[in-house]
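Student: predicted structure and sequence below. I'll ask about it afterward.
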Amino acid sequence: MNLQGRFSITSRITLFTGVVATLLCALLALLLMMAVHQYASESVTKETAAAGGRVAVQMERGQLVYPLAERKFRHLQVVDPSGRVVASTSDIRGLPRMAPFTPHDSANSATCVVCGGIFPAADCYIVVGQWAHRAGERWMVYSASPVVPLSVDPRLATLVGLGAVALAAAITYLGYRNVRASLKPVNAIRAELDEINEECPSRRVPVPATDDEINRMAESVNHTLSRLDDALRKQREFVSNASHDLRTPIAAMRAEVEDGLLAPEETSVCELGSVLLPSIERLQAIVHDLLILERLDHGMRGEQDRFDLAEVAAAEVRTRRHPVKRIECALQPGALVLGDRVNLSRLLTNLLDNAERHACSTITVSVRHEPGGDCGDRRFPQGSVVLEVVDDGPGIARDKREMVFDRFTRLDSARSRDAGGAGLGLAIARQIAESHGGSLTIEDNPIGACFVLCLPSARADVTAPADDSVSS
C-alpha cells in the first residue's frame, strides 16, 4: 500500500508514532510483568523454604507444632529415612510424598517445580526439600506453594495494561500535536504563496523563528521570490526600455513620411530614403541586439571551436570601416580559447564601438596569455587569455562601472555624445563572456576606461611567445 499517496504527512507520522508507541509500551508492560513475576516467584520460594526450615528445626528438636503450615495454600510433609510420610498438612494427609527428589549431599536444600502427582493435574507447585537431622538420621521436609501465575495478580495485570494503553495514547497524541505544530508554518507559507501573484510580487512568506529545516526552506522560498521579483522587474524595464528605443526611430520615420505626404511636390524619393535610412538602420540594430540577447538568455551556444583570440582581434580591427579614432594593437599570438568565434567577434565589436564613442583620439587593444590561474576574481587552472580595450576618453566612475553592463543603460555622457546608442552593447558583451566561462570587467586606468575580458585558456602549455605589436 502506498501510504504517501493515500494519507497526509500528519496522518502518516501520527500512525507511525502510534504503532511504535504501542509496540514499545507493550514491550515495557511485558518486561515489567516479567520482573514482578520474577520477584514474586523468588519471594514465594523464600517463604516456602522458610516454612519448611521452621518444621525441620522442630523435627530436630523433636517438637512438631500443629498446624504445620500457617497458610491454607501451603503444604508440608515430613518423610522419614525409609521414605514414609510421617506428618503432613491436613489437605494432603494420607497421600504419598509430593516429590521424589532430594538435595545433593553437599547441599542442605533443593527446589523444583512439580506439576501433577499429589497435586491437581492442571496445577504446578514450587516444592522445596530440606534435610532435617534427628537421632543421627536424615529426615526430609518438603514444603510447597502454588506457582505464581504470569499475571501475578489480575488487578496488577489490569493496571499495568491500562497504564501501557494510556502511555501509548499519550505519546501518539503528543506526536500528533508536535506534527501539527511543526507543519503550521508550512501551511502559513503555502497560504501566502497562494496569495502571491504578478500584482503583488514583493510579498514574502513568513519565516518561523526557529533554527530548523522549515526556517531554511522559508528563507530559500523568499530568496527565490526575490529573484523572480527582480527578474519580473527587469523584464518590465526591458519591455519599457525596448518600447521607448523602438518608438523613437519609428516616430521620426512617421514624421518624415507625414511631411512628405503633406508636401509631395517638395519631397523626392531619394531625399526621403536618405532621411529614413538612419532610423531604419537603428531599428535593425536594436532588433538584432534583442535577438542576440534572446538567444543568450536561452543558453543557445554556437559552434565551439579552438582558435586564437589574437587573430580574431586583428581581423576585427582590420575590417573596421573608416575608424575615426587611432587604434593601437598589442596582440600576442597563441592566446587560444574554446568558444563561439562569431559571438566573441561580436563582443570585441561592441567593445570597440563603445571605445570609439568615448575615446578622444586613441584606442588600445591588447591580447595576451597569462600562465597563472588568477584573473580578477576568477581562477583558471590552465591559465587565462586576457583581452583589454582601453580608450583615452573621460573614463567611468567607480560607482557606475557595474551599471553600464545593465540593459538599456546609458550614462549621461553617453546620451549627450551619441543619441543613437541603445545601451545593449556592453550587456551583450558581458553575457557572451559569462557564457564562455569568463568575465568582463572595468579596471582602473590612469586615463579613460579599461575593459578587461578574461577567458579560460584552451592550450596545454604555458610558455608565452613574443609580443606582436601593430598599430592602425
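Tutor: Now that the structure is in, tell me what you want to look at. Numbers count the residues shown, from 1 in each chain.

Student: would you mark the buried spots in stretch 449-463?
Tutor: Neighbour counts over stretch 449-463 (16 or more other C-beta atoms under 10 Å) mark Ala449, Cys450, Phe451, Val452, Leu453, Cys454, Leu455, Pro456, Ser457, Ala458, Arg459 as buried. (Each C-beta comes from the backbone N, C-alpha and C, glycine too.)

Student: for stretch 133-141, same thing?
Tutor: Judged by neighbour count using 16+ other C-beta under 10 Å, the buried positions of stretch 133-141 are Trp139, Met140, Val141.

Student: domain ranges for the chain?
Tutor: Using automatic domain parsing, the domain parsing of the chain gives 10-146, 213-296, 303-471.

Student: from Arg368, how far out is the closest residue to Ser457 other than its chain neighbours?
Tutor: Among residues not flanking Ser457 along the chain, Gly383 sits closest, at 4.0 Å (C-beta to C-beta, 6 or more residues apart in numbering). Distance from Gly383 to Arg368, counting by C-beta to C-beta, to the nearest Å: 11 Å.

Student: most tightly packed of the domains of the chain?
Tutor: For these, the largest average neighbour count (mean count of other C-beta atoms under 10 Å) is found in domain 303-471, namely a mean of 18.

Student: assign Glu388 to helix, strand or coil.
Tutor: Look at Glu388: counting by DSSP: H, G, I helix; E, B strand; the rest coil, its state is strand.

Student: surely it is in contact with Glu370?
Tutor: No. Contact between Glu388 and Glu370 fails when scored by C-beta atoms under 8 Å: they sit 11.5 Å apart.

Student: okay, now the unreliable bits of the stretch 251-400 of the chain?
Tutor: Filtered on pLDDT under 70, the stretch 251-400 of the chain yields the residue ranges 297-302, 321-323, 373-378.

Student: which one among the buried residues of stretch 133-141 gets closest to Leu246?
Tutor: Of all those, the one sitting nearest Leu246 is Val141; the distance, using C-beta to C-beta, is 118.8 Å.

Student: give the closest residue to that closest one in space, chain neighbours not counted.
Tutor: Ala56 (4.5 Å).

Student: okay, the domains of the chain in CSV with distance to Tyr176 next?
Tutor: As requested, those are exported to CSV (distance: least, C-beta to C-beta, whole Å):
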stretch, distance to Tyr176
domain 10-146, 5
domain 213-296, 18
domain 303-471, 51
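
Student: for Asn178, which of the ones you listed is the nearest?
Tutor: Judging those by C-beta to C-beta, what sits closest to Asn178 is domain 10-146, at 8.6 Å.

Student: and that closest one, how far out from the chain's middle?
Tutor: Offset of domain 10-146 from its chain centre (C-alpha atoms, centre = their mean, to the nearest Å): 64 Å.

Student: and that domain, end to end?
Tutor: 51 Å (C-alpha to C-alpha, to the nearest Å).

Student: element containing the residue nearest to Val141?
Tutor: Using DSSP states H and E, Ala56 sits within helix 9-61.

Student: ok, Ile396 next?
Tutor: In this structure, Ile396 sits in neither a helix nor a strand according to DSSP H and E.

Student: tell me the average confidence for stretch 63-75?
Tutor: Averaged across stretch 63-75, pLDDT comes to 81.

Student: what do you get for stretch 439-457?
Tutor: Taken as a whole, stretch 439-457 carries a mean pLDDT of 90.

Student: and what of stretch 91-101?
Tutor: pLDDT averaged over stretch 91-101 equals 87, rounded to a whole number.

Student: just stretch 403-410 next, same as before
Tutor: pLDDT averaged over stretch 403-410 equals 77, rounded to a whole number.

Student: now do that stretch: distance to the chain's middle.
Tutor: Using C-alpha atoms, centre = their mean, the offset of stretch 403-410 from its chain centre is 36 Å.

Student: restrict it to CA atoms and write it as PDB.
Tutor: The C-alpha atoms that make up stretch 403-410 are tabulated as PDB, following Å, rounded to 0.1, in the frame of the first residue of the first chain:
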ATOM      1  CA  MET A 403      25.700  50.000 -14.100                       C
ATOM      2  CA  VAL A 404      27.000  50.200 -17.600                       C
ATOM      3  CA  PHE A 405      26.500  46.500 -18.100                       C
ATOM      4  CA  ASP A 406      22.800  46.700 -17.400                       C
ATOM      5  CA  ARG A 407      20.500  46.500 -20.400                       C
ATOM      6  CA  PHE A 408      19.400  49.900 -21.900                       C
ATOM      7  CA  THR A 409      21.700  51.700 -19.500                       C
ATOM      8  CA  ARG A 410      23.400  54.800 -20.900                       C
END
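
Student: related to what we said a few turns ago, okay, and which of the buried residues of stretch 449-463 map to strands?
Tutor: Secondary structure defined by DSSP state E assigns Cys450, Phe451, Val452, Leu453, Cys454, Leu455, Pro456 of the buried residues of stretch 449-463 to strands.

Student: may I see these organised as TSV, with distance to Arg282 added?
Tutor: Compiled in TSV, these are given as follows (distance: C-beta to C-beta, whole Å):
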residue	distance to Arg282
Cys450	28
Phe451	24
Val452	29
Leu453	27
Cys454	32
Leu455	31
Pro456	36
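
Student: ranges for the helices of the protein?
Tutor: Applying DSSP state H to the chain gives helices spanning 3-6, 9-61, 154-195, 213-262, 269-297, 309-319, 341-358, 412-417, 425-435.

Student: now those as JSON lines including distance to Gly83?
Tutor: What follows is these, written out as JSON lines (distance: least, C-beta to C-beta, whole Å):
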{"stretch": "helix 3-6", "distance to Gly83": "69"}
{"stretch": "helix 9-61", "distance to Gly83": "16"}
{"stretch": "helix 154-195", "distance to Gly83": "40"}
{"stretch": "helix 213-262", "distance to Gly83": "78"}
{"stretch": "helix 269-297", "distance to Gly83": "108"}
{"stretch": "helix 309-319", "distance to Gly83": "116"}
{"stretch": "helix 341-358", "distance to Gly83": "114"}
{"stretch": "helix 412-417", "distance to Gly83": "126"}
{"stretch": "helix 425-435", "distance to Gly83": "107"}
